[in-house]
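S.K.: sequence plus the predicted model coming up.
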Amino acid sequence: MGKIAVLDDETIGHIAAGEVVERPLSVLKELVENALDAGATAVTVEVADGGRDLLKVGDDGEGMDAADLALSVVRHATSKLARADDLRHVGTLGFRGEALASIAAVSRLEIRTRRSGEVTGHRLVAEGGNILALEENGCPPGTWISVQDLFYNTPARKSFLPSVRTERANLVEMAGAFSLLNPRVSFRLLEGGRALLAAPGGGSYLEAAVAVHGPEVAASLRPVSGRGAGMEVSGLVAGPEVSRAGRSGQALGVNGRWVQSYQLRLAAENAYIGTLPGGRRPIFCLSVRVPPEEVDVNVHPTKQEIRFRRLREVQGLVYRACREALTGGVGGMAVIGSPRRFPTGAGTTEGVRTVGGGVQRTFTAHEPSLTAGATPERVGSGYGWRPDLPRVIGQLCRSYILAEVGGFLWVVDQHAAHERVYYEAFAAEPDQTVAQRLLVPLTVEMPPVLWNVWENWGEEIAACGFLAEPFGPKTLLVRCVPAGLAGLLDGTGFLDLLEHLSQGGAGEEPSGRRDRLFRRMAACRAAVKAKDELSLGEMNALLEQLSRCRDPHTCPHGRPLLVKLPVEDLARRMGR
Ligand code: ADP
Ligand code: MG
């Protein structure tokens, strides 16, 4: 007796209509969700050409018998929903019976499947929605679905597909999110026989995180758990000492479903307020469980967006649980290794530091001392510091430098100021694309997602002056960096650049713009952070360097970095 039935018209009428399959990424999502619904413990994905030529998903789930196999590619045929009423408490990832039919309509599809109790399996072949073959076929228990030549019969849609490498990066990211949200299931993503991702299964969140993010990020992860009002959140948050330039390190699940919930993202990101510098995004993987009737998954054609009945409560729960994980427990919010970058002595210092989980960084600085640099020609270029050099009073909240300058109290944002100094240092380089060999190469532990980006954008990255080579299966040795960045860019900074590339845009941009982006990001990475404690000497050195900038008033992102309060104002406010 088969499990699949065609939905009645009433139920069909209630289903959020729209395109289910728009790109290889959506095919991957649907096929993996089907495998998970079938109870798979191991899922293997194979792709060619970013999923355009081939996207194949194999699982060891419950399989289908011959009758079900024939029905599986019929629109609105599903084993997961019987009545419209069931839409209110969907417990499976699928329920519309649309995915396989939609995929079959725009590709060459082959399904091989066998139920575990049966002696033989079956095979179905379809092209452009027409079933060409349905026959007995020997295969192990489980299901293998292979989608070839996506959109071969709809060239217009094919022409709107994202570039192969963008899509490949997205596929790796999504497979990573599935692995994190389903740590019991082993996931492998292969291309040309090579594993782009291999999560072991076995149930450990941490092992999944090592596979997805690499050991360095995994080492900073803290467990999250919270419950209340019949809802539950669990997962992992990375401490603020590791972060990314974008959101590729964030995975969210609701009742086992991978979702793109902006509202949950925000709740989790808010837990980091005050600990991450501007523009940085935290890394986390959070799984929310709510009673099925608390959430409507039927609002979006591909079910990526969902609606919560009690949004505020869910957000509150997520925020509190993350906040607790970040601030509570041993070690609290301690930030690992924040090396100093303005030696106050003259000349060049050089050395090697180990930061966080073993990223080696070369550390070069050639900043003249206050007296050496403060020649009349160089001080006060259009700035009016002369003759009043700032006298540093101290540091406020480990984020601002307070200084007295000729009847004014200056409040200087230390991070923004340092960023400006570095930014101009790069800009002054006659040719930023010149590669500079590092005395000690950077050893960078690569999360699989970004390894893939490095391979994809190899040419652009090299053109910007980077020279890197694999050093073992998960590590890169960066031997050259763009001139001017030597000593300023650490492993995390390098990963940020890759992340930026993976998020599209930069790879397609004209090189001038790309250079600026690189420089700005690199400056941001290299600069001291808010919360770094600075000595008086360091603060003096920073203000002195700032005084030599062409534009000492704004950070490279265009925000003001300095507020001046006239001492007279203070006098007035005190009624003098
Ligand atoms: P839905 O998942 O919404 O039911 P699909 O078109 O994705 O619709 O799949 C149709 C049906 O095919 C499913 O309801 C399920 O019974 C069956 N099916 C699809 N993929 C698998 C799989 N990997 N293993 C077992 N059964 C599957
Ligand atoms: Mg489905």
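M.R.: Nice, thanks for sending it over. Ligands and ions are numbered 1, 2, ... in the order given.
S.K.: which ones are touching the residue of the chain found nearest ligand 2?
M.R.: Closest contact between the chain and ligand 2, by CB to the ion, is at Gly94 (2.7 Å). From N, CA and C alone the C-beta is placed, and that goes for glycine too. Each residue near Gly94 by CB atoms under 8 Å, 6 or more residues apart in numbering is listed here: 30, 33-34, 37, 78, 80.
S.K.: the stretch 251-400 of the chain: helices as residue ranges?
M.R.: Remark: helices assigned in the stretch 251-400 of the chain by DSSP state H, counting those that start in this stretch are 262-270, 311-327, 370-373.
S.K.: inside strands: which ones of the contacts of Gly94?
M.R.: Thr78 (DSSP state E).
S.K.: closest to Asn137 out of the contacts of Gly94?
M.R.: For the contacts of Gly94, the closest approach to Asn137 (CB to CB) belongs to Asn34, at 18.8 Å.
S.K.: skipping adjacent residues, who's closest to the closest one in space?
M.R.: Gly94 (6.0 Å; CB to CB, 6 or more residues apart in numbering).
S.K.: likewise Glu33?
M.R.: Glu33 sits nearest to Leu93 (CB to CB, 6+ apart), 3.8 Å away.
S.K.: quickly find the element holding the one you found.
M.R.: Using DSSP states H and E, Leu93 sits in no helix or strand.
S.K.: that one: what's it in contact with?
M.R.: Counted by CB under 8 Å, 6+ apart, Leu93 has contacts 33-34, 36-37, 256-257, 303.
S.K.: save those residues as CSV, and put in neighbour count, distance to Asn182 and pLDDT too.
M.R.: As requested, these are exported to CSV (neighbours: other CB atoms under 10 Å; distance: CB to CB, whole Å; pLDDT from 0 to 100):
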residue, neighbour count, distance to Asn182, pLDDT
Glu33, 20, 10, 93
Asn34, 22, 13, 93
Leu36, 23, 6, 94
Asp37, 20, 12, 92
Gly256, 16, 7, 84
Arg257, 23, 10, 86
Lys303, 23, 16, 60
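S.K.: that older thread, if we compare the helices of the stretch 251-400 of the chain, which one ends up closest to ligand 1?
M.R.: helix 262-270 (23.4 Å; CB to the nearest ligand atom).
S.K.: who are the packing partners of that closest one?
M.R.: Applying 3 or more CB pairs under 8 Å, 6 or more residues apart in numbering; DSSP states H and E, we find helix 262-270 packed against strand 250-254, strand 284-289, helix 311-327.
S.K.: what lies in contact with that helix?
M.R.: By CB under 8 Å, 6+ apart, helix 262-270 touches 237, 247, 250, 252, 254, 281-282, 284, 286, 288, 305, 308, 311, 314-316, 318-319, 322.
S.K.: could you redo the last one with a cut-off of 10 Å?
M.R.: By CB atoms under 10 Å, 6 or more residues apart in numbering, the residues outside helix 262-270 that reach it are 224, 233, 235, 237, 247, 250, 252-254, 259, 261, 276, 281-282, 284-286, 288, 305-308, 311-312, 314-323.
S.K.: that one vs helix 311-327, what angle?
M.R.: 30 degrees (axes from the mean of the first three to the mean of the last three CA atoms, to 10 degrees).
S.K.: pull out the buried positions in helix 262-270.
M.R.: For helix 262-270, the neighbour count (16 or more other CB atoms under 10 Å) marks 263-265, 267-269 as buried.
S.K.: ditto for stretch 246-255
M.R.: Those would be 247-255, for stretch 246-255 by 16+ other CB under 10 Å.
S.K.: could you pull out the strands in the stretch 351-500 of the chain for me?
M.R.: 359-366, 391-396, 400-405, 408-413, 435-445, 467-470, 475-482 (DSSP state E, counting those that start in this stretch).
S.K.: turn those strands into TSV, columns for mean neighbour count and distance to Arg115.
M.R.: Formatted as TSV, those follow (neighbours: other CB atoms under 10 Å; distance: least, CB to CB, whole Å):
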stretch	mean neighbour count	distance to Arg115
strand 359-366	19	49
strand 391-396	16	68
strand 400-405	19	67
strand 408-413	19	64
strand 435-445	18	43
strand 467-470	15	43
strand 475-482	20	44
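S.K.: mean pLDDT lowest where, among these?
M.R.: Least confident of the strands of the stretch 351-500 of the chain, judged by mean pLDDT, is strand 359-366 with a mean of 25.
S.K.: picking up where we left off before, show me the contacts of Gly94 that map onto helices.
M.R.: 30, 33-34, 37 (DSSP state H).
S.K.: so which of those reach ligand 1?
M.R.: Restricting the ones in helices among the contacts of Gly94 to those near ligand 1 by CB under 6 Å from any ligand atom leaves 30, 34.
S.K.: also within reach of ligand 2: list those from the ones in helices among the contacts of Gly94.
M.R.: Among those, proximity to ligand 2 is found for Asn34 (CB under 5 Å from the ion).
S.K.: mind picking the two most distant members of the ones in helices among the contacts of Gly94?
M.R.: Maximum distance among these (CB to CB): 10.5 Å, for Glu30 and Asp37.
S.K.: that older thread, distance to ligand 2 added to the strands of the stretch 351-500 of the chain, as a markdown table?
M.R.: Shown next, in a markdown table, are these (distance: least, CB to the ion, whole Å):
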| stretch | distance to ligand 2 |
| --- | --- |
| strand 359-366 | 41 |
| strand 391-396 | 55 |
| strand 400-405 | 53 |
| strand 408-413 | 50 |
| strand 435-445 | 36 |
| strand 467-470 | 38 |
| strand 475-482 | 38 |
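S.K.: how about the ones you listed, which one is nearest Pro215?
M.R.: Pro215 lies closest to strand 435-445 among those, at 6.3 Å (CB to CB).
S.K.: tell me what the closest one is packed against?
M.R.: Contacts defined by 3 or more CB pairs under 10 Å, 6 or more residues apart in numbering; DSSP states H and E place strand 435-445 against helix 215-219, strand 348-355, strand 359-366, helix 448-456, strand 467-470, strand 475-482, helix 491-502.
S.K.: which SSE is whatever residue of the stretch 101-250 of the chain ends up closest to ligand 1 in?
M.R.: Proximity of the stretch 101-250 of the chain to ligand 1 (CB to the nearest ligand atom) peaks at Thr143, 3.7 Å away. Using DSSP H and E, the element containing Thr143 is strand 142-148.
S.K.: tell me the strands beside that strand, with direction?
M.R.: Strand 142-148 has its sheet partners listed here by DSSP bridges as strand 54-59 (antiparallel), strand 108-114 (antiparallel).
S.K.: next, the contact list for the spatially most central residue of the chain, please.
M.R.: By CA atoms, centre = their mean, the mean C-alpha position of the chain lies nearest to Ser248, the distance being 1.5 Å. With contact set as CB under 10 Å, 6+ apart, Ser248 has these partners: 169-170, 172-173, 176-177, 281, 283, 447, 449-450, 453, 498-499, 502-503.
S.K.: try 6 Å
M.R.: 173, 499 (CB atoms under 6 Å, 6 or more residues apart in numbering).
S.K.: helix, strand or coil: sort out it for me.
M.R.: The three-state label given to Ser248 by DSSP: H, G, I helix; E, B strand; the rest coil is coil.
S.K.: kindly export the strand holding Thr143 (C-alpha atoms) in PDB.
M.R.: C-alpha atoms of strand 142-148 as PDB (Å, rounded to 0.1, in the frame of the first residue of the first chain):
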ATOM      1  CA  GLY A 142      17.100   4.500   0.300                       C
ATOM      2  CA  THR A 143      16.600   7.000  -2.400                       C
ATOM      3  CA  TRP A 144      18.900   8.600  -5.000                       C
ATOM      4  CA  ILE A 145      17.600  11.500  -7.000                       C
ATOM      5  CA  SER A 146      19.700  12.900  -9.800                       C
ATOM      6  CA  VAL A 147      18.800  16.200 -11.400                       C
ATOM      7  CA  GLN A 148      20.600  16.900 -14.700                       C
END
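S.K.: and the contacts of that strand?
M.R.: With contact meaning CB under 6 Å, 6+ apart, strand 142-148 is reached by 27, 31, 54-61, 63, 103, 107-113.
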